[in-house]
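Participant: With the input below, show me the fold.
(one chain, ligands or ions: 3)
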Amino acid sequence: MNKLGILTSGGDAPGMNAAIRAVVIAAQQKNIETMGIKGGYQGLINRNIDRLTPFDVDRIADKGGTILKTSRCLEFMEEEGRKKAARVLEEFGINFLVVIGGDGSFKGAEKLHRLGINVIGIPGTIDNDFAYTDYSIGFDTALNTILDAISKIKDTDFSHDKTTIIEVMGRYCGDLATYSALAGEGEIISIPERKLDFDTICSQIHSKMASGKHDNLIIITEKMYDIEELKKYIEKRLQVSVRTSILGFIQRGGSPSAFDRILASRMGVKAVELLTEGYSGLAVGIKENKIISIELENVNNIRFDYHEKLGLLDTFSIFNKGDQVLR
Ligand SMILES: Nc1ncnc2c1ncn2[C@@H]1O[C@H](COP(=O)(O)OP(=O)(O)OP(=O)(O)O)[C@@H](O)[C@H]1O
Ligand SMILES: O=P(O)(O)OC[C@H]1O[C@](O)(CO)[C@@H](O)[C@@H]1O
Ligand SMILES: [Mg+2]
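Facilitator: Numbers count the residues shown, from 1 in each chain. Ligands and ions are numbered 1, 2, ... in the order given. As a prediction, the model looks like this:
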């Protein structure tokens with residue numbers, strides 16, 4: 001009988017539980033026993049493995065985080081750690097593995113595949129930093145959490161004619177910033193793919209102010225600047241007071257959106273299908289609303305200025321032309 005192990009790895013993402021549920025239920029329908037590996041690759045190395053039944057995954061689709069827990073595992077970065085993990089899988093009789101995680105987790109999964117493990121990756125990360133898939137599980141929920149915060153901050157910014165800098169997650173990917181600025185009527189965005197220097201940010205705020213708009217929201221991706229330094233620079237240059245808000249971990253938690261639950265369910269079912277059809281070393285994804293798969297080694301081979309390609313930044317600029325007349 002086939003035995004499938006499932007783990008979540010890297011940062012947790014809303015919808016990971018819905019993906020776990022989908023994998024377990026789809027596997028059961030194919031008479032595959034499922035095992036939950038707790039705590040990502042570290043849990044695998046440590047043999048933290050238990051049976052996971054459809055009963056265990058009942059009513060978990062609406063829960064944030066991951067019931068299997070997750071980790072960032074240094075030991076797994078080494079060949080020796082991965083060989084240990086492969087031996088544990090053999091010891092438990094696990095011949096299929098599903099890894100739910102981000103780009104780092106996929107690199108690990110690809111290396112396991114090369115060690116002869118049958119593995120399929122499901123993209124679970126709020127960062128949406130894969131090139132091969134339109135969406136990763138968790139991005140939509142995080143985006144909506146950010147949107148909720150933005151709209152509250154905008155209420156008070158408008159009332160006080162304030163400028164606020166909001167820092168969002170995304171690691172080295174500007175999707176959370178770009179999408180949330182577009183959906184939340186942000187005025188200025190700076191993302192790793194198109195980083196603005198301090199003077200450009202100031203001149204954009206200045207032209208907004210000249211057109212009569214004094215509540216301006218600047219959305220930036222994390223890791224790009226020291227937000228307090230940026231605040232002080234703008235205050236000094238433009239003689240305005242600026243507030244800052246680092247949204248932090250509220251972006252990662254919370255009940256997944258319908259979109260993420262459905263995406264996770266579709267991807268989970270597809271992962272089991274691929275394994276039973278004899279495939280390994282693949283990642284599932286979504287393109288033009290179809291569930292697709294691609295070799296794990298190619299998931300980021302077509303990274304380019306993805307936002308430019310989608311035209312999102314051009315769309316954003318339509319709403320934020322420097323000389324836009326408001327009155
Ligand atoms: N190059 C690599 N080779 C082998 N294993 C890796 C590699 N990169 C990452 N991993 C494994 O995957 C784990 C998770 O990776 P990482 O911390 O980059 O998160 P992620 O999967 O990209 O998710 P997220 O970015 O959403 O937090 C790492 O802790 C490590 O165990
Ligand atoms: O949980 P940690 O290790 O602080 O990681 C934070 C990082 O994880 C993410 O939330 C998901 O990759 C990033 O957006 C962020 O940079
Ligand atoms: Mg990552």
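Participant: Report the contact partners of residue 215.
Facilitator: Shown in contact with residue 215 (C-beta atoms under 8 Å, 6 or more residues apart in numbering): 154, 157-158, 160-163. C-beta: built from backbone N, CA, C; applies to glycine.
Participant: what's the burial count for residue 50?
Facilitator: 11 (other C-beta atoms under 10 Å).
Participant: and it, how far is that from ligand 3?
Facilitator: The gap separating residue 50 from ligand 3 is 27 Å, by C-beta to the ion, to the nearest Å.
Participant: Assign that residue to helix, strand or coil.
Facilitator: Under the three-state scheme (DSSP: H, G, I helix; E, B strand; the rest coil), residue 50 adopts strand.
Participant: so is the nearest residue to it once chain neighbours are set aside in a helix, a strand, or just coil?
Facilitator: Spatially, and ignoring its direct neighbours in sequence, residue 50 is nearest to residue 36 (5.6 Å; C-beta to C-beta, 6 or more residues apart in numbering). Secondary structure state of residue 36, per three-state DSSP, is strand.
Participant: So what's the residue count around residue 36?
Facilitator: Around residue 36 there are 22 residues (other C-beta under 10 Å).
Participant: same deal with residue 47?
Facilitator: Residues near residue 47, counting by other C-beta under 10 Å, number 13.
Participant: quick one: it and residue 89 touch, right?
Facilitator: No. The criterion here is C-beta atoms under 8 Å, and residue 47 misses it with residue 89 at 10.2 Å.
Participant: returning to what we had before: mind listing what the residue nearest to residue 50 touches?
Facilitator: 5-7, 20, 49-52, 56, 67-68.
Participant: What of residue 171?
Facilitator: For residue 171, the contact set (C-beta under 8 Å, 6+ apart) comprises 127, 129, 222-223.
Participant: and ligand 2, which of these reach it?
Facilitator: When the contacts of residue 171 are filtered against ligand 2 using C-beta under 6 Å from any ligand atom, the residues retained are 127, 222.
Participant: Of the contacts of residue 171, grab the buried ones for ChimeraX.
Facilitator: Remark: buried members of the contacts of residue 171, expressed as a ChimeraX selection using 16 or more other C-beta atoms under 10 Å:
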select :127,129,222
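Participant: Just name the lowest-scoring one in the contacts of residue 171, pLDDT-wise.
Facilitator: Among the contacts of residue 171, residue 129 carries the lowest pLDDT, at 93.
Participant: sorry, back to before: just send the contacts of residue 171 back as TSV, with distance to residue 240 and secondary structure too.
Facilitator: Supplementary listing: the contacts of residue 171 in TSV, determined by distance: C-beta to C-beta, whole Å; DSSP: H, G, I helix; E, B strand; the rest coil:
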residue	distance to residue 240	secondary structure
127	32	coil
129	33	coil
222	24	coil
223	25	coil
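Participant: Can you report how many residues neighbour residue 234?
Facilitator: Residue 234 has 22 nearby residues by other C-beta under 10 Å.
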